[in-house]
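J.: Mind looking at a prediction? Sequence and model below.
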Amino acid sequence: MAHGARQDLQLLAARFGASVRGIADTQVMAAFAGLGDQVGLATLAGQLAGATLAKEHQWTDWARRPLAPAQLAYAAADVRHLPEIYGRLAARLGERAAWARAESAEVAAEAEAWARVTPETAWRQVGGVRGLDAAAFAALVALAAWRQRTASELDRPLGQVLNDRALVELARSRPETAEAVRATKGMSPLGKQRAAAIAAAIAGAPPAESRAPAVWRPASARAQRWADVLLSIAQLVAERTGVAVRLLATRADAETLARVVDERGIDAAQELPALATWRRAVLGEAWLGWLTGGLALVGDPATPSGLDLIPR
């Protein structure tokens, strides 16, 4: 068991090629138990184990040896209460514990996949790239490779080097000077420090024609309207179940399902996550019920969201 294990699993996979099977992430379990999305360990320890975890050593130099007694005590406290927290969460979840284990396994699989990313393939991990023209896409490929190499060199998370939103904005605007890079909205402190290197990466991008993106076209107006309703249904289901909406579906999930159903029919959507995993019973059946006319989404001032889903 672990808490908020994604980054730890990424490091284990990247540094040692280690794969962790059967992990139970208590942060994921808490999200299924209605205790908050991405809740901190200190909060859970207080709520479920009556323990107080100090955080004063969180940002100390952990690479320095030997570790001080206070650091060792801090590290031990971070795992001492996990068995009790896990037991209380498992008891609270009941059958949902299986959902949390499945989602924890997904976290582990994604962490291992992240460890296999190379600078040449890093662009595939960037979100928000739809609609980029060929020149912007070529810049994005170069920037993603630079970010991957820099994060590896500095042993930092990608987002601390350059988050996806800033990366895409840089690819769109393609600033030519360090000053213009620093002026880009959303730049991290580290990105501003390395603004000259970012400008050089953009300038050194391959010709646009050599990295042209696949042709992208927007979804139909019908599919866009469907996606908005599907996302509202996901919010409603999250309210009813106490499961964090992020675990049920993202906007991208709703948009993908709406587009697939619109262009290829419901049968073609059966392998999508909302219909092929534990989510089907929780959310997928509600989505299908609404799309096929069996359920109606109606206004209801008595609910927190002001909505309800009822049989037609």
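T.: In hand now; what should we look at? Residues are numbered from 1 along each chain as shown.

J.: got the domain boundaries for the chain?
T.: Domain assignment for the chain by automatic domain parsing gives 6-115, 122-211, 221-311.

J.: Any regions of the stretch 51-200 of the chain where pLDDT drops low?
T.: The stretch 51-200 of the chain contains no residues with pLDDT under 70.

J.: Now do the helices in it.
T.: Under the criterion DSSP state H, counting those that start in this stretch, the stretch 51-200 of the chain contains helices at 69-80, 82-93, 96-115, 134-154, 158-161, 164-173, 178-182, 189-193, 195-203.

J.: Go through the shortest one and flag the buried ones.
T.: By neighbour count, and taking 16 or more other Cβ atoms under 10 Å as the criterion, the buried residues in helix 158-161 are Leu158, Val161. (Glycine included, C-beta is placed from N, CA and C.)

J.: Just tell me which of the helices of the stretch 51-200 of the chain ends up closest to Trp290.
T.: helix 96-115 (21.7 Å; Cβ to Cβ).

J.: same for the closest one, what does it pack against?
T.: Applying 3 or more Cβ pairs under 8 Å, 6 or more residues apart in numbering; DSSP states H and E, one finds that helix 96-115 makes contact with helix 6-16, helix 26-32, helix 82-93.

J.: Now it - C-alpha only, PDB.
T.: Extracted C-alpha coordinates of helix 96-115, given in PDB (Å, rounded to 0.1, in the frame of the first residue of the first chain):
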ATOM      1  CA  ARG A  96     -16.000  -0.300  -4.000                       C
ATOM      2  CA  ALA A  97     -12.700  -1.500  -2.800                       C
ATOM      3  CA  ALA A  98     -12.400  -3.500  -6.000                       C
ATOM      4  CA  TRP A  99     -12.900  -0.300  -8.000                       C
ATOM      5  CA  ALA A 100     -10.100   1.400  -6.000                       C
ATOM      6  CA  ARG A 101      -7.800  -1.600  -6.600                       C
ATOM      7  CA  ALA A 102      -8.500  -1.400 -10.300                       C
ATOM      8  CA  GLU A 103      -7.800   2.300 -10.400                       C
ATOM      9  CA  SER A 104      -4.600   1.800  -8.400                       C
ATOM     10  CA  ALA A 105      -3.500  -0.700 -10.900                       C
ATOM     11  CA  GLU A 106      -4.100   1.900 -13.700                       C
ATOM     12  CA  VAL A 107      -1.900   4.400 -11.800                       C
ATOM     13  CA  ALA A 108       0.900   1.800 -11.600                       C
ATOM     14  CA  ALA A 109       0.500   1.000 -15.300                       C
ATOM     15  CA  GLU A 110       0.600   4.700 -16.300                       C
ATOM     16  CA  ALA A 111       3.700   5.200 -14.100                       C
ATOM     17  CA  GLU A 112       5.500   2.300 -15.900                       C
ATOM     18  CA  ALA A 113       4.500   3.700 -19.300                       C
ATOM     19  CA  TRP A 114       5.800   7.100 -18.300                       C
ATOM     20  CA  ALA A 115       9.200   5.600 -17.500                       C
END
